[in-house]
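> make a model of this:
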Amino acid sequence: MIYVYASDYNNAITGVCPPVFVGPKAVILPTNCSEKESPVGSKCIFACSAGYSGSSTIETLECLTTGQWSENIPTCVALVSC
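Got it, this is the predicted structure:
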């Protein structure tokens, strides 16, 4: 049995993805990606502040026709110096 969350179903019907929420050491561009829903096909670029690195190599997220982002939202982690 497959369960579909109502918010995912609604996003797929309306053709939008939810705002991208990133941590305090991350930047998402354009900024409207984190401020409001994005239409299908929108691309958002993820980056970390100086001294931090992304938890994955993903840099670009795309809003898919399913109403979901193409990848999990990365997080930023502090670089460790020896």
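> ok, and what's touching the longest strand along the chain?
When the chain is parsed with DSSP state E, its longest strand is strand 43-48. For strand 43-48, the surrounding residues in contact (Cβ atoms under 8 Å, 6 or more residues apart in numbering) are 20, 22, 25-30, 33, 38, 54, 58-63, 69, 73-74, 76. Placement of C-beta: from N, CA and C, glycine included.
> all strands for this structure, in order.
Counting by DSSP E, one finds strands in the chain at the ranges 16-17, 26-29, 38-39, 43-48, 52-54, 60-62, 76-78.
> just these: most buried one?
Mean neighbour count, computed with mean count of other Cβ atoms under 10 Å, is highest for strand 16-17 among the strands of the chain, reaching a mean of 22.
> average pLDDT for it?
Averaged across strand 16-17, the pLDDT comes to 93.
> got it, and stretch 53-73?
The pLDDT scores in stretch 53-73 average 88.
> same thing with stretch 31-47?
92.
> next, the distance between the ends of that stretch.
In terms of Cα to Cα, to the nearest Å, the two terminal residues of stretch 31-47 are separated by 12 Å.
> swap in stretch 31-41?
16 Å.
> same check on stretch 60-73?
10 Å.
> repeat that for stretch 15-29.
Across stretch 15-29, the terminal residues are separated by 20 Å (Cα to Cα).
> swap in stretch 25-42?
Terminal residues of stretch 25-42 are spaced 23 Å apart (Cα to Cα).
> quick one: stretch 47-63 to chain centroid distance?
10 Å (Cα atoms, centre = their mean, to the nearest Å).
> how near is Pro24 to Glu37?
22 Å (Cβ to Cβ, to the nearest Å).
> neighbour count for those two, which is higher?
Set Pro24 next to Glu37 and count neighbours by other Cβ atoms under 10 Å: Glu37 wins out with 16 against 7.
> ok, the more buried one to Thr66 distance?
14 Å.
> and what of Ala26?
From Ala26 across to Thr66, the span is 24 Å (Cβ to Cβ).
> ok, Thr57 next?
22 Å.
> need the phi and psi values for the nearest residue to Lys36 once chain neighbours are set aside.
Spatially, and ignoring its direct neighbours in sequence, Lys36 is nearest to Pro19 (5.9 Å; Cβ to Cβ, 6 or more residues apart in numbering). Main-chain torsions, Pro19, degrees, to the nearest 10: phi -60, psi 150.
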